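S.K.: sequence? don't have it. structure:
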């Protein structure tokens, strides 16, 4: 049993070979960066802590979404220059304020130099949809990857959803999938949420968030 198994949680995907968990309760246990981390339903967690890979607790998920939208604007400007109309400067400034506020986003809990090195080397793997680039920081790669994931799959964790979507130039705009580094197991490779909740084990070990099976049950 790993530390994450002492917290009610759900498994929502994987990134760079590590599980991504969403805690379903608030736990206060230790200082910032401690091996036994604190967390709440407003966080995502990469790695399960003691007994598993050291955890990376991700905070302020809305700012990561804003960072991803800024990336999308940059990519659209680069690849669709003839047809893309960039949002006005006021929108860029507003997104920048959200993305680059003074709050910390990434809390590395008990990571060793070896853990950091291995994570960076694996992030460069060409099997990723968007590998870590030489000119890119690992922190930026994590933030933009998780920002996309939250934007499309977990919008309820983004307190700025309505604020961002209503900005001038972004209404009814589709940003695109530019990172796509979060993965999920195929249907039937992991017990569904419905099956997990039939027992009581999920209270200790969590369950898989996405409830899909194949063939679909009518």
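M.R.: Perfect, I can see it now. Computed from a predicted model, the values in this text were never measured in an experiment.

S.K.: Can you show me the strands along this structure?
M.R.: 9-15, 18-23, 44-46, 55-58, 106-109, 182-183, 207-208 (DSSP state E).

S.K.: and the last one, what other elements does it pack with?
M.R.: Put plainly, it is strand 207-208. strand 9-15, helix 193-196 (3 or more CB pairs under 8 Å, 6 or more residues apart in numbering; DSSP states H and E). Backbone N, C-alpha and C define where each C-beta goes, glycine included.

S.K.: now, of the ones you listed, which is deepest in the fold?
M.R.: strand 9-15 (a mean of 21; mean count of other CB atoms under 10 Å).

S.K.: dump the residue contacts of the residue nearest the centre of the chain.
M.R.: In the chain, the C-alpha nearest the mean C-alpha coordinate belongs to residue 146, at 2.8 Å (CA atoms, centre = their mean). By CB atoms under 8 Å, 6 or more residues apart in numbering, the residues touching residue 146 are 15, 20, 44, 58, 61, 64, 182.

S.K.: Lowest average confidence across helices and strands of the chain, where is it?
M.R.: helix 202-205 (a mean of 59; mean pLDDT, DSSP states H and E).

S.K.: Let's have the helices and strands packed on strand 207-208 in TSV, adding distance to residue 129.
M.R.: TSV is the format used below for the helices and strands packed on strand 207-208 (distance: least, CB to CB, whole Å):
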stretch	distance to residue 129
strand 9-15	11
helix 193-196	25
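
S.K.: Is residue 76 in contact with residue 84, as I believe?
M.R.: Yes: contact criterion CB atoms under 8 Å: residue 76 and residue 84 qualify, at 4.4 Å.

S.K.: Can you get me a residue count around residue 81?
M.R.: 9 (other CB atoms under 10 Å).

S.K.: Return the distance of the residue sitting furthest away from the middle of the chain relative to residue 125.
M.R.: The outermost residue of the chain, judged against the average C-alpha position, is residue 82 (31.8 Å), by CA atoms, centre = their mean. From residue 82 over to residue 125 the distance is 33 Å, taken as CB to CB, to the nearest Å.
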